[in-house]
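Participant: From the sequence below, what's the structure:
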Amino acid sequence: MQTCGEVGLPVVIRAGPWCHGEARNGGLPEWLLDKGLKLRTDDPAYLKEVRILYAEIAAQLKGLLWKDGGPVVGFQLENEYRGDGTHLVALKRLARESGIDVPIFTRTGWPELKSPVPYGEILPLFGGYAEGFWDRELTPMPGDYWKVFAFETVRTDTTIATDQFGRRKAADEVDTGRYPYFTCELGGGMISSYHRRLVMAPEDALALALAKVGSGSNLPGYYMYHGGTNPDGARTTLQELQATRITNWNDLPEKGYDYKAPLGEFGQIRLHYHLLRRLHLLLRDFGESLAAMPARLPEAKPAGRDDSATLRWAVRSNGDAGFVFVNNYQRLQPMPAKPGVQFELGLKKGILRLPEAPCTIPADRSFLWPFNLELDGARLAYATAQPVCRVRDGSTSYFVFAETAGVPAEFVFDEAGLTLSGAHGRVERGGGRIRIKDIVPGRGAAADLRTGSGRVVAVLLDEADSLGCWKASWGGRERLFLSNAGLVVDGDRLRLSSDGAPEFSLSVLPAPGAVKADGAQLEGKPDGVFVRFAAPAFRPALPTVPFEQVATAGPARMPAIGVNGVAAGPTAPDFARAAVWRIRLPADLEPGRDLRLRVRYTGDVARAYLGDRLLTDDFFNGEAFEIGLKRSAPEVFRGELLLKVLPMIADAPIGFSPERRSLVHAGIPAAVTSVELVETRILSLTCD
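Facilitator: A predicted model of the protein is given here:
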């Protein structure tokens, strides 16, 4: 919480008592179950225990609440609760009596409560996932998952927690529309349960988030955004299992909770981190206007999951300005290009058609375009490019856009009060407008305009550069950065991180006077409107990692069907029949280096042990199994690292992604094909 306060992140505490998160018994301790209480009710004996929990949480948050100048603005009560609303009100009362006095109390807006919460007491938050590990079916994308890729005004999602609540009709509670539209659980990725081995595409997370924002949501909250590792339990394992005392619904890995999140279990930066981050930059700089714009949907909506012909789009507007959202993407469903598209918007001052000539919406793409957007004195009638962010340098304002690959880029400005001094495209004038067409993306000025109060420069980045665009305060002022490395600003230091680039490159706007890398000054070179600094990424050669098989697997186990009707995962004794490989790590590796093992294997379940201690585990879905070493250093370089893999029986009752379903029919042997070291290198920069 202190760190969140230092970097300016408001916090909502998810305090339960039932918080789930695929935790054993939803987070309720075993000793509480032994008391025979009526859990998750207004039973006075249960509320007595809740009061103790909340008092301890309040003690830990002392000085960190919003009223005390801290970051904690909210408190989530329970999780996925479907009982009487009076219980949530009772929990709120206990929290406040314990000293947790915050501006906002929240709850998950699903499932429907048996009795309502009085309006204004607790703010409902919503969610949506591209696909879930919890479904009972083994086939991909069952039920209504396709709907999260469409634009809808109904906030309640019917695919979350179908294991608990079954299939249900999508309907909001009576007062839902009177609340701000916030989300707390947009799928940033998805973990595999034992019976459903999902592989998510990076675009799944972006399309989902963009569809929710286009539908009116003003707070994209994710689950998960950074993967993790379950802690060790003192007496039990702490993951969700069907066999736990309060029956949970699925079997999850014991330790590994990577979730294929934008940031991985060991800090890996993934493509959807950049895809989402680009959207977040827009929300940061243009969100104040967007938040007040209601969503409007066209008359023609998709007829169902297999309707790939109807274009999915929406508008958020105040009646004059706004954004057109397009989501021509659906998980595991090819969405073909849509030719001849021109949007017609009925605004207060008349009809706006954009673009000027019909265009082709590219296949499998998600994006948004602005119209009548004020750019510090220049009025952008529309652009066929997505706004990213802006920065000011004296009297000059720079606005960065991302190309929509496959669509000719054009900027159209209202001419009144503007002078065009330069453009990187074909310029046309007429009807009181300046049209810049067929713009070639680059790092220079796509449009250079003079207004009555200064200069406005529009920069159109290509897809790769737009995903490498960052914004942060460094050296006492706000700047833009272009880099394909990870970037973190911590005080006066800027850290770049990379897993394999031959050099660290950073382009900056406005450029600082001097940049130093580990004390050595770097030479700056012009790079369009940016200044580029580069330094070699010193990378000592990573040694090969020898591995040898020291035990062969016994017969593949037939998974038992658990109490909730799906396959149950193996337990620790089952690994006595696993195939075992010994991995020999070089003893001379420095413990402080950020190293991971990337293991490619086949089988059912893999576990990595340091001696007898389980480090992390993985349910096989065809992707590499990564094991972070830094957390276990230096012991991991001195001890015996063992990899245990169980084979999968033929025709196991397990669901796989379409491209891997054929593996299940034949059975999957336990095999390790490669083990390699991967290192994240960091370059630290300072500026004058």
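
Participant: Could I get the buried residue list for the longest helix seen in the chain?
Facilitator: Longest helix in the chain by number of residues (criterion: DSSP state H): helix 271-290. Residues of helix 271-290 classed as buried: 272-279, 281-283, 285-286, 289-290 (neighbour count, 16 or more other C-beta atoms under 10 Å). Where you see a C-beta, it was placed from the backbone N, CA and C, and this is true even at glycine.

Participant: With stretch 536-545 instead?
Facilitator: Quick answer for stretch 536-545 (16+ other C-beta under 10 Å): 537, 545.

Participant: Just the CA trace of that stretch, in CSV.
Facilitator: What follows is stretch 536-545, C-alpha atoms only, in CSV (Å, rounded to 0.1, in the frame of the first residue of the first chain):
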residue,chain,number,x,y,z
PRO,A,536,24.9,-1.7,-26.2
ALA,A,537,23.0,-4.3,-24.2
PHE,A,538,26.0,-6.0,-22.7
ARG,A,539,25.0,-9.7,-22.5
PRO,A,540,27.4,-12.2,-21.2
ALA,A,541,26.9,-15.5,-23.1
LEU,A,542,24.4,-17.7,-21.3
PRO,A,543,25.7,-21.2,-20.7
THR,A,544,23.8,-24.2,-22.0
VAL,A,545,21.9,-26.0,-19.3
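
Participant: Run through who's touching that stretch.
Facilitator: Contact partners of stretch 536-545, identified using C-beta atoms under 8 Å, 6 or more residues apart in numbering, comprise 498, 500-504, 583-586, 589, 597, 675-679, 681, 683.

Participant: Residues contacting the helix-or-strand element of the chain with minimal mean pLDDT, please?
Facilitator: Within the chain, no helix or strand scores below helix 661-666, which has a mean of 82 by mean pLDDT, DSSP states H and E. Contact with helix 661-666 is made by 602, 622, 648, 650-652, 654-656, as judged by C-beta under 8 Å, 6+ apart.

Participant: quick one: which of the buried residues of helix 271-290 is nearest E265?
Facilitator: Proximity of the buried residues of helix 271-290 to E265 (C-beta to C-beta) peaks at Y273, which lies at 13.6 Å.

Participant: Give me the sheet partners of the next helix or strand after the least confident helix or strand of the chain and which way each runs.
Facilitator: Sequence-wise, the next helix or strand downstream of helix 661-666 (DSSP states H and E) is strand 671-687. Strand 671-687 pairs in its sheet with strand 493-498 (antiparallel), strand 515-517 (antiparallel), strand 594-602 (antiparallel), by DSSP bridges.

Participant: of those, which approaches D307 most closely?
Facilitator: strand 594-602 (37.1 Å).

Participant: Tell me the backbone dihedrals of L186, please.
Facilitator: Per-residue torsions, L186: phi -90, psi 130 (degrees, to the nearest 10).

Participant: What residues are bridge-paired with it?
Facilitator: With DSSP bridges as the rule, L186 is bridged to G128, Y222.

Participant: Tell me how many other residues surround it.
Facilitator: Neighbour count of L186, defined by other C-beta atoms under 10 Å: 26.

Participant: can you check A303 too?
Facilitator: Number of residues near A303 (other C-beta under 10 Å) recorded here: 9.

Participant: The one 5 residues further on now?
Facilitator: Applying the criterion other C-beta under 10 Å, we find 16 residues in the vicinity of S308.

Participant: Quick one: neighbours of the closest residue to E112 other than its chain neighbours, just the number.
Facilitator: Closest residue in space to E112, ignoring its immediate chain neighbours: E173 at 6.4 Å, by C-beta to C-beta, 6 or more residues apart in numbering. Neighbour count of E173, defined by other C-beta under 10 Å: 18.

Participant: mind listing what E173 touches?
Facilitator: 109, 112-113, 116, 124, 156.

Participant: between these, which has the most around it?
Facilitator: G109 (27 neighbours).

Participant: Distance check, that residue against R584.
Facilitator: According to C-beta to C-beta, to the nearest Å, G109 and R584 sit 52 Å apart.

Participant: now swap in L643 and tell me
Facilitator: Taking C-beta to C-beta as the measure, L643 falls 12 Å from R584.

Participant: and those two? which has more neighbours close in?
Facilitator: Set L643 next to R584 and count neighbours by other C-beta under 10 Å: L643 wins out with 24 against 12.

Participant: Was I right to think that one contacts G603?
Facilitator: No. Counting by C-beta atoms under 8 Å, L643 does not reach G603; the two are 10.2 Å apart.

Participant: Can you verify E6 is assigned to a helix?
Facilitator: Yes. Membership of E6 in a helix is supported by DSSP: H, G, I helix; E, B strand; the rest coil.

Participant: With adjacent residues omitted, what lies nearest to the residue nearest the centre of the chain?
Facilitator: For the chain, the residue nearest the mean C-alpha position is G188 (3.3 Å; C-alpha atoms, centre = their mean). Leaving out its chain neighbours, the residue that sits closest to G188 by C-beta to C-beta, 6+ apart is Y222, at 4.0 Å.

Participant: give me the number of residues near that neighbour?
Facilitator: Other residues near Y222 come to 21 when the count uses other C-beta under 10 Å.

Participant: OK, contacts around it?
Facilitator: Y222 makes contacts with 185-188, 205, 209, 261-262, 276, as judged by C-beta under 8 Å, 6+ apart.

Participant: 10 Å instead, please
Facilitator: Counting by C-beta atoms under 10 Å, 6 or more residues apart in numbering, Y222 makes contact with 127, 183-189, 205, 208-209, 259, 261-262, 276.

Participant: Check D135 too.
Facilitator: D135 touches 141-143, 145, 159, 161-163, 167, 193, 195-196, 198, 250, 566, 655, counting by C-beta under 10 Å, 6+ apart.

Participant: Please convert the buried members of the residues you listed into ChimeraX selection syntax.
Facilitator: Here is the ChimeraX selection string for the buried members of those, based on 16+ other C-beta under 10 Å:
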select :141,142,143,145,159,161,162,163,193,195,196,198,250,566,655
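
Participant: Of the contacts of D135, which pair is most distant in space?
Facilitator: The span of the contacts of D135, defined through C-beta to C-beta, is set by R167 and L198 at 19.1 Å.

Participant: Cheers, nothing more for now.
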